[in-house]
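Sequence and computational prediction follow.
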Amino acid sequence: MKCPHCQTENSEKAKFCRGCGQPLQTEVICDRCQHKNVIGSRFCEQCGRHYVTYQEAYSSYWLPSYIYLLFRAEILAEYI
């Protein structure tokens, strides 16, 4: 499988490029409705589910991450 970012050849089982580290996955499947969305989407195109990215979960530098996540209860409630 060729990386779309740097054209490095990777194995078929690879999830990330060995040349540039970019994800080789081109779509993400919504765990609520199973719709295939473009990678990098913040919301599902079909059902509107919000995807919490790593950057969003830890974007508050002045609060410890566990306190910040408590304020995001409306999002976290879907995972409990």
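Sure thing, it's come through. Residues are numbered from 1 along each chain as shown.

Next, the contact list for residue 48, please.
By Cβ atoms under 8 Å, 6 or more residues apart in numbering, the contact set of residue 48 is empty. C-beta: built from backbone N, CA, C; applies to glycine.

Tell me the secondary structure of it, please.
coil (DSSP: H, G, I helix; E, B strand; the rest coil).

For it, give its distance to residue 10.
33 Å (Cβ to Cβ, to the nearest Å).

now swap in residue 49 and tell me
Counting by Cβ to Cβ - residue 49 and residue 10 are separated by 30 Å.

mind listing what residue 19 touches?
Counting by Cβ under 8 Å, 6+ apart, residue 19 touches 3, 6, 8, 10.

Shouldn't it be within a strand?
No. Assigned with three-state DSSP, residue 19 falls outside any strand and is coil.

From here on, call the first residue 540.
Will do, 540 is the new start, and the previous item becomes residue 558.
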